[in-house]
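[1] Give me a 3D structure for the following:
(one chain, ligands or ions: 3)
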Amino acid sequence: MRWSNLFVPTLREDPADAEVISHRLLVRAGFIRQLTAGVYSLLPLGQRARLKAVNIIREEMNRIGAQEFLLPALNPAEVWKESGRWEVMGDNLFRLHDRKNAEMCLGMTHEEVFTTIARHAINSYRQLPQVWYQIQTKFRDEARPKSGLLRVREFTMKDAYSFDVDRAGLDRAFQDQYDAYCAIFKRCGLKFTAVEASSGAMGGSQSVEFMVRTEAGEDHIVVCERCGYAANIEKAKARLEAIEDGEAAAQPEEFPTPGVRTIDDLTNFPGGAAADRQIKTLVYVLDEQLALVLMRGDHELNETKLQDATGALNVRPAHPEEIREALGASAGSLGAVNVARATHPLVTLIIADEALRGRSNMTTGANKDDHHLRGVAVDRDIKVERWASLRAVRTGEGCPECEGTLEVFKAVEIGHIFKLGTRYSEIMGARVLTADAKEVPIVMGSYGIGVERILVAAVELFNDEAGIIWPTAIAPFEVIVTPVNVRDASLLAAAEQLYGELKAAGVDVLLDDRDERAGVKFNDADLIGVPYRVTIGKKIKDGKVELLTRAMRQSEDVAVEAIVETLRAKLKASA
Ligand SMILES: Nc1ncnc2c1ncn2[C@@H]1O[C@H](COP(=O)(O)OP(=O)(O)O)[C@@H](O)[C@H]1O
Ligand SMILES: [Mg+2]
Ligand SMILES: [Zn+2]
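    Ligands and ions are numbered 1, 2, ... in the order given. You can find the predicted model right below:
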């Protein structure tokens, strides 16, 4: 490819709305353009990088025996209603009507459609296992699309599904995908962490997310450097230091706390209590049922943990009116002491975080505005119906698996694999006969990669003030040949010759044949992030060219007859 023919609309200035580096650089370097919120066009450079990631994914999927499909993005409502997700997906699902007024939607993932195919065609264990995948467009009407390609409403996903007759088969399929994901992300040049994750609203057991650590990420992961423990904050546990409560007071004692609204207020209030001696009472609505959620005062609730612990599909904080109606007080004075079905019929569940187990001499709201209770013993005074790990782990807490210390990092999720089990096959009736003629639901797994997120993660990881530094495997071009002055016929001729030789050697090469100042060309090559630049300048008279490695910003003189071999060796080493 010649730059003079290539469409690369680079910008001098950062786009005004860009918050994260990858958004800024992908727009400035001419890889992407926004069409509307969360919807982007990929320009030629963006599409080249994307296709390289796609090819790597395809090769590794094929290597583990997965078979490529292409399913329709346009789906009838029926299959989504059958699985129950027509309701569950809420506003995230793009819904539409056809001309006959039939309900349709745009697929946000494809469990339903793949299961439909499996249930019609597969009826014996002899036809299993099967691993099916596709690389296709997904649509999600995200509430807050943001950050360039990071969270968009239309994107490419590689989604794969495994079908087995039993759990052991699923375990093997899951491990194959795990290994393939590691190979894919490694080949794409990414540094990543595989973390334990929540299985989400639609159930399933084991769930692993592939995360790239970056400040641009919207997820939080918890990592122990000592033993390698790694989990999404939605799942992570931690060792807790025991707290000495002393001898329990005989009974709770009410005391006035005028103006106290928050944990901090009560900490600072004369006769109040330290945050870790307070019980924070949160009121949540779980699938239209009101629940009290109890946390230690200095701990934060993680809503996904609450959702996982209760199986609720929809979780939201209660509104002030709902709180007053149920408890007779406002947030700030709430508590669970003596709350029971008989006296508080609207409260359907009291769930508490593990950190409150056995605690005494605690302080909490009295369900009476401007009043609190001290001397509360959790087990004696509160009818906790369910205990669960509900809190968000924090940096500095103890690792649950070793003596090490946990750290919390922001990260972007590039892939997610999980064991669905029989959730879809049961509701949708995908069954097979086993070897001993028993009918069983097919055991399924689901495995996704966000293709454009690979590009986002690479740019977040590898960049400098001059621009992007692509890992070679997903760079739009591997090498750029830059004659410093195309009006000098001998320089141009040498550049053309080298360009031809590199192409013949199978190198993905760009010739910067533009009639621009050398400085402009160097800056553009740095901005778009081509890993190797061969500069053809005055030294060509002595048979030398300059080879610049973008990542190190290091250049060396190489004899012109050796440059193709040198580049081939470097590309091989970085592949
Ligand atoms: N809105 C989005 N924009 C870009 N990529 C996405 C988006 N949602 C999901 N992905 C990518 O698709 C992969 C599989 O999605 P999945 O795990 O089903 O989504 P979620 O984590 O939202 O439940 C994710 O790991 C992520 O890389
Ligand atoms: Mg996910
Ligand atoms: Zn550890």
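
[2] so which residue of this structure comes closest to ligand 1?
    Here the chain gets closest to ligand 1 at one residue, Gly450, 2.4 Å apart by Cβ to the nearest ligand atom. (Each C-beta comes from the backbone N, C-alpha and C, glycine too.)

[3] wouldn't that residue be in contact with Gly415 here?
    Yes - the pair Gly450 / Gly415 is scored as a contact, 7.2 Å apart, by Cβ atoms under 8 Å.

[4] quick one: which of those two has more around it?
    Gly415 (27 against 24; other Cβ atoms under 10 Å).

[5] OK, contacts around the more buried one?
    181, 184-185, 209-210, 447-450 (Cβ atoms under 8 Å, 6 or more residues apart in numbering).

[6] returning to what we had before: now do the residue of the chain closest to ligand 1 against Asn302, distance only.
    Remark: distance between Gly450 and Asn302 (Cβ to Cβ, to the nearest Å) = 23 Å.

[7] Now do stretch 218-237: distance to the chain's middle.
    Its chain's C-alpha centre and that of stretch 218-237 lie 13 Å apart, by Cα atoms, centre = their mean, to the nearest Å.

[8] Kindly provide the distance from the nearest residue to Leu433 once chain neighbours are set aside to ligand 3.
    Spatial nearest neighbour of Leu433, chain neighbours left out: Ser124 (5.3 Å); criterion: Cβ to Cβ, 6 or more residues apart in numbering. Ser124 sits 45 Å away from ligand 3, going by Cβ to the ion, to the nearest Å.

[9] Verify the stated contact: Ser124 with Val432.
    Yes - between Ser124 and Val432 there is a contact under Cβ under 8 Å: 5.7 Å.

[10] Settle it for me: which of those two has more neighbours?
    The residue with more neighbours, out of Ser124 and Val432, is Val432; 23 against 12, by other Cβ under 10 Å.

[11] Can you verify my assumption that that one contacts Ile122?
    Yes - at 6.1 Å, Val432 and Ile122 qualify as touching, with contact defined as Cβ under 8 Å.

[12] Identify the contacts common to the two.
    Counting by Cβ under 8 Å, 6+ apart, the common neighbours of Val432 and Ile122 are 128, 442.

[13] so Lys570, which of the three states?
    Under DSSP: H, G, I helix; E, B strand; the rest coil, Lys570 falls in the helix class.

[14] can you count the residues close to the closest residue to it other than its chain neighbours?
    Computed as Cβ to Cβ, 6+ apart, the closest residue to Lys570 that is not its neighbour in sequence is Tyr532, at 6.7 Å. Residues lying near Tyr532 (other Cβ under 10 Å) number 25.

[15] ranges for the strands of the stretch 101-250 of the chain?
    Secondary structure of the stretch 101-250 of the chain (DSSP state E, counting those that start in this stretch): strands located at 103-106, 130-139, 154-164, 193-196, 207-213, 219-224, 230-232.

[16] And the ones you listed: which comes nearest Gly375?
    Closest to Gly375 of the strands of the stretch 101-250 of the chain is strand 219-224 (Cβ to Cβ; 34.4 Å).

[17] quick one: is that closest one near ligand 3?
    Yes - using Cβ under 5 Å from the ion, strand 219-224 reaches ligand 3 at Cys224.

[18] Identify the residues contacting that strand?
    The contact list for strand 219-224 (Cβ under 8 Å, 6+ apart) reads 193, 195, 209, 211, 213, 229-233, 236, 238, 392-393, 399, 401-402, 404-413.

[19] give me the subset of those residues touching ligand 3.
    Counting by Cβ under 5 Å from the ion, 229, 399, 401-402, 404 from these sit close to ligand 3.

[20] ok, and the most crowded of these?
    Cys399 (23 neighbours).

[21] Excluding chain neighbours, give the residue nearest to that residue in space.
    With sequence-adjacent residues excluded and distances taken as Cβ to Cβ, 6+ apart, Cys399 is closest to Cys224, at 3.9 Å.
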